[in-house]
Structures are given as structure tokens and as C-alpha cells.
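In: Show me the folded form of this:
(one chain, ligands or ions: 2)
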Amino acid sequence: MPLRKAGANWVEGDRFFDREVELEALAERVRDGTHTLLTAQRRMGKTSLVRELLRRLKEEGSVDTVFVDLEDAATPVDAILELTVQSRSVQGAWRRLKSSFANVLPRVELSTRADTSPVPNIRVKLGTGIDGGNWRQRGDRLFEALAENERPVVLAIDELPILVNLLLKGDDNRITPQRRQAADEFLSWLRKNGQAHRGRVSMILSGSVRLGPILLQADLSALANIYSPFDLKPWDEDTAVACLGSLAESYELDLPLAVRQDMCRRLRCQSPHHVQLFFDHLREALRQAGRREATREDVERVYTGAMLGAGREMVLKHYESRLKMVLGREGCRIAKEMLTGAAVNGGFLPDDVIDRYRRSVPDWGRISHPVEADPAPLEDVLHVLEHDGYLERQGGGYRFVSGLLEDWWRARHDLRRTPSWPGRTGCQSETLRWS
Ligand SMILES: Nc1ncnc2c1ncn2[C@@H]1O[C@H](COP(=O)(O)OP(=O)(O)OP(=O)(O)O)[C@@H](O)[C@H]1O
Ligand SMILES: [Mg+2]
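Out: Ligands and ions are numbered 1, 2, ... in the order given. Just a heads-up that it's a prediction; the model follows:
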């Protein structure tokens, strides 16, 4: 069946392409009772993969499924209530919960019906009987109910790292002992339940920022040791070319093989999101031109125009907000300088230049968030940039992974006519200290 193009959000069913190997691998983990930490670069299709997995598993009928999004959760209480609300799809568990949560569930049901509330945090907090004193017991009871369900349950928790990051750093991005303890308590509670109900409840954790670097910043990595990592890779070129072919068929467009290959080579890293974005822009350009067949000239025009143009800033802002979330304001600023440094140097950031940068920043230790530990901020920044898929190690330095992101970054800072680097002058848009 030809592929329908994606909207702005995650995809499943007839909008979901490929990932058969990953779906099978995750299904096997579920059968084995393995808990998974799904990681990938931004917009690689993590949420879509989990949604599609749950959809298929549910269709097969061997397990029940729960999907919880914690993007708007600010406390463990929010998280437990959201978990409770979403667990209503598991009939067996819901029946059991009803008897033990008699005073709570009518309100949960009420708040579920009021799904349209513009402020989800308020929706889940309203007088539910779950509070700072009892969230652990309520949460334990929820896990027990899920574990006692007739069928095993797959519990997918998306955006868990956002909640952990908030617990750890609050709104001012500072780790305090109290905040560290709060994050510790929540993750310990989750780990304890994961261990206690292994085989009955399989967890899949995912998020648009990585959990690993966040836990590392607070020396809490051990709390994630029950989750087996699963790294979702970009599509290879053949898959991306096939995806473009399927989209073209669906919209009755003619995208010759050479055109599709050209699109993929420009992207360099075949993130499904970027493949879809490129198709969208090309389709719109053809529509405006009143044509059905695309040429390589169209690809060139669309790439340098629409792809690097108007929508770019919105996407970059979103990337930036996630970087700021993990690294803080100062760390984010330095991350942007690293990316700019790479962009002005043909996409490559050499180690000796990073060293020069390190020496040129006298107050280096101040982007710290860890309280007690002596932070290694530049290492922190590079670690996050590498693990979030911005840069990758390559012979004595770091290189942009994605051609599109590199071009976006260059275009954003108007660096197209930049002279050779390092030692260049006249970069106004970032406070570079590369001398
Ligand atoms: N398997 C797929 N088939 C087709 N398109 C996909 C697929 N996976 C992802 N996409 C495209 O990528 C976009 C982003 O997908 P999704 O939201 O699942 O990514 P994500 O990794 O969860 O993103 P984030 O890092 O923001 O959480 C979708 O809107 C869709 O355009
Ligand atoms: Mg997602």
C-alpha cells in the first residue's frame, strides 16, 4: 500500500514506513520481558516506532498496551496520575484499580473526559487523592494491577527524560541536593517496579532528549541499569529512496531514481523526518509549477530555497530548546559555538581548535550544574552533541552528522561566504572565541 505523507506529529499505520527489523527486535524484547531504553537523534522516529509497535502488538492480541507521554508532567504525582489515566485501556488492570482507588478514580475518569484542557498539568492535578506523600504507594498499586492483568502489559513511557531533567534541575537549571534526591526517588521507584514485575510489565522508555547524559550529570546512571539500550538509527539510503518512491506513488508524482538519490545525498543522514520534509517541499513546488515530474534542478531549487529557508528557524529553535533543557543556558551557548565552529570549517571541528577554545575561556567551570562534582563542561557539551546526533567523532575532531543540519546552521548564521577557518574574522552572529 503506498505511503501517506506525515503530518507534524508521530506516524503509525498507513503513514508508517519500514522499520521492520526494529519492530521485530522490540517485539522480541517484549516477549523476553526486557525493559528498553530507546535512544536516537532528534526526530528520528522514536515515538512513531513505539506507537506502531504498540498498535501491532495490540492487533495481535497477545499483550495489552499502555502509552504514556510525560512531556507535561512536572512531578512524580503528575506522572503517576498520567500513568493511571492511560492504564484505563487495560481492562483487567482497570477493574483492579477501581476497587483500590475508589475515591480517586471517579476524578480520574472525570479528568480523562476533560482531555481538552489546555493545561494538562492542571487536568491531572485536580484533587485526585494522589499527592507528594502517597505517590509511591499509589504507583506501586498501579504496577501491581498491571502485572495482575490477564495478558502481559507493554508500558511505553515517552518523554521520561524531560520529567527527570525537570526534577533534577528545576526551572533555573541548577542541580541541588534536594532535586537530585527527588530524581533519585522517582527513578528508584520506577526501577524497583520494573524489577518486581519483569515479564508481566515490559517498559519501553523514550524521549526527545537522552536520559544517559542527564543522569551522568548527577551521577545517577546506575538507576537506568535495568533498561537495555536500543539505538534507533537513521534510514539507509535505499530505504529513504524507497520511502520517497512510495510517497510519490501515493500522490501520483514522478520522482525518478536519480532525483530521489540526489535528495538523500543532500540530507546525508536519512532522518525520516527530514525525508518527509523534503518530499513535502518538493511536492508543493511541483504543485505550484503545475507539474508531476521532478527534475534534479527542482531538487536543487527546493533544497536551497524551501528546505534551507523559512521553516528552518522554527526547527532550529526547537532543537535549541532541547539543548538548553539538558545543558542549561550557558552550556547551550557553548554548544552553539561548537556547531558554528564546525559549520564555518566545512562541517568539521578539529580537536586542536577545541583545545584552543577551552584555554580561551577562563571561567570554564561555571556552566556547571552538578553540585558537588567538579564538572567537565566542555566534555559535557560535546558528549551531548555527540549523543544527540549533532556531531560525530571523525579523525581528530567532530563532524556534522546531518548535511541538512550543517547547511541549516551555516545558513542561519549566514556563513556561506565564510573564508577559511580557523583564524577567520568577522563572525558577528555568535560570540566566537576561536583565537
Ligand atoms: N517510520 C516512519 N515512516 C514515515 N515517517 C516517519 C517514520 N518515523 C518518523 N517519521 C517522520 O518523522 C517525524 C518525527 O517522528 P517522531 O515524532 O516519531 O520522531 P521522534 O524521534 O519521536 O521525535 P522527537 O525527537 O521530537 O521526540 C514524523 O512526523 C514523520 O514525518
Ligand atoms: Mg518523540
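In: only C-alpha atoms for contact and neighbour calcs from this point on.
Out: Noted.
In: Return the residues in contact with the closest residue in space to R393 that isn't next to it in sequence.
Out: Spatial nearest neighbour of R393, excluding adjacent residues (C-alpha to C-alpha, 6 or more residues apart in numbering): R399 at 6.4 Å. Neighbouring residues of R399 by C-alpha atoms under 8 Å, 6 or more residues apart in numbering: 342, 347-349, 391-393.
In: Considering those, which is situated nearest to ligand 1?
Out: Among these, L391 lies closest to ligand 1 (C-alpha to the nearest ligand atom), at 15.9 Å.
In: wait, doesn't the closest one sit right on F400?
Out: Yes. L391 lies in contact with F400 (C-alpha atoms under 8 Å); the separation is 4.5 Å.
In: residues in contact with stretch 299-309?
Out: The contact list for stretch 299-309 (C-alpha under 8 Å, 6+ apart) reads 259, 262-263, 277-278, 281-282, 285, 407-408, 411.
In: please redo it, this time with the cut-off set to 7 Å
Out: With contacts defined as C-alpha atoms under 7 Å, 6 or more residues apart in numbering, stretch 299-309 is touched by 263, 278, 281-282, 408, 411.
In: Then stretch 28-35?
Out: 198-199, 202-204, 226-228.
In: Which pair in the residues you listed has the greatest spatial separation?
Out: Longest distance between any two of the contacts of stretch 28-35 is 14.2 Å, between G199 and S228; criterion C-alpha to C-alpha.
In: Quickly note the distance from the residue nearest to L257 when sequence neighbours are not counted to L146.
Out: The shortest distance from L257 to any non-neighbouring residue, by C-alpha to C-alpha, 6+ apart, is to V241 (7.5 Å). As judged by C-alpha to C-alpha, to the nearest Å, V241 and L146 stand 42 Å apart.
In: Between those two, which has more neighbouring residues?
Out: Neighbours were tallied for V241 and for L146 using other C-alpha atoms under 10 Å; the higher tally belongs to L146 (29 against 24).
In: Ignoring the adjacent residues along the chain, who's closest to that one?
Out: Leaving aside its sequence neighbours, L146 sits nearest to A93 (C-alpha to C-alpha, 6+ apart; 5.0 Å).
In: The one you found contacts A145, correct?
Out: Yes. In this structure, A93 is within contact of A145 by C-alpha atoms under 7 Å, at 4.7 Å.
In: which of these two has more neighbours?
Out: The neighbour comparison of A93 against A145 (other C-alpha under 10 Å) goes to A93, with 24 against 20.
In: if I pick the more buried one, what's in contact with it?
Out: A93 neighbours (C-alpha under 7 Å, 6+ apart): 145-146, 148-149.
In: what about E392, which SS state?
Out: strand (DSSP: H, G, I helix; E, B strand; the rest coil).
In: what's the neighbour count on it?
Out: 20.
In: sorry, back to before: can I assume the residue nearest to L146 sits in a helix?
Out: Yes. Judged by three-state DSSP, A93 forms part of a helix.
In: circling back to that earlier point, G199 and S228 - which one has more neighbours?
Out: G199 (19 against 15).
In: Now the more buried one: closest residue in space, sequence neighbours ignored.
Out: Closest to G199 by C-alpha to C-alpha, 6+ apart is G33, at 4.2 Å.
In: Relative to D69, how far out is that neighbour?
Out: Per C-alpha to C-alpha, G33 is found 21 Å from D69.
In: Over to T36?
Out: 16 Å.
In: quick one, which of those two is more surrounded?
Out: Per other C-alpha under 10 Å, whichever of T36 and D69 has more neighbours is T36, with 22 against 18.
In: what's the more buried one sitting at in phi/psi?
Out: phi -120, psi 140 (degrees, to the nearest 10).
In: Show me which residues of this structure are close to ligand 1?
Out: By the rule C-alpha under 6 Å from any ligand atom, the part of the chain lying against ligand 1 is 6-11, 15-19, 42-48, 207-208, 272-273, 276.
In: Now, these that are in helices?
Out: 46-48, 272-273, 276 (DSSP state H).
In: can you pull the contacts of the closest residue to ligand 1 within the stretch 101-250 of the chain?
Out: For the stretch 101-250 of the chain, the residue closest to ligand 1 is S208, as judged by C-alpha to the nearest ligand atom, at 3.7 Å. Residues near S208 by C-alpha under 7 Å, 6+ apart: 42, 159.
In: In ChimeraX, how would I select just the buried ones from the contacts of R399?
Out: Buried residues within these, by 16 or more other C-alpha atoms under 10 Å, are selected in ChimeraX with:
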select :342,347,348,349,391,392,393
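In: Can I get the contacts of R399 in a markdown table including pLDDT and distance to E293?
Out: Below are those laid out as a markdown table (pLDDT from 0 to 100; distance: C-alpha to C-alpha, whole Å):
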| residue | pLDDT | distance to E293 |
| --- | --- | --- |
| A342 | 93 | 36 |
| G347 | 92 | 33 |
| F348 | 95 | 36 |
| L349 | 95 | 39 |
| L391 | 95 | 35 |
| E392 | 95 | 36 |
| R393 | 95 | 39 |
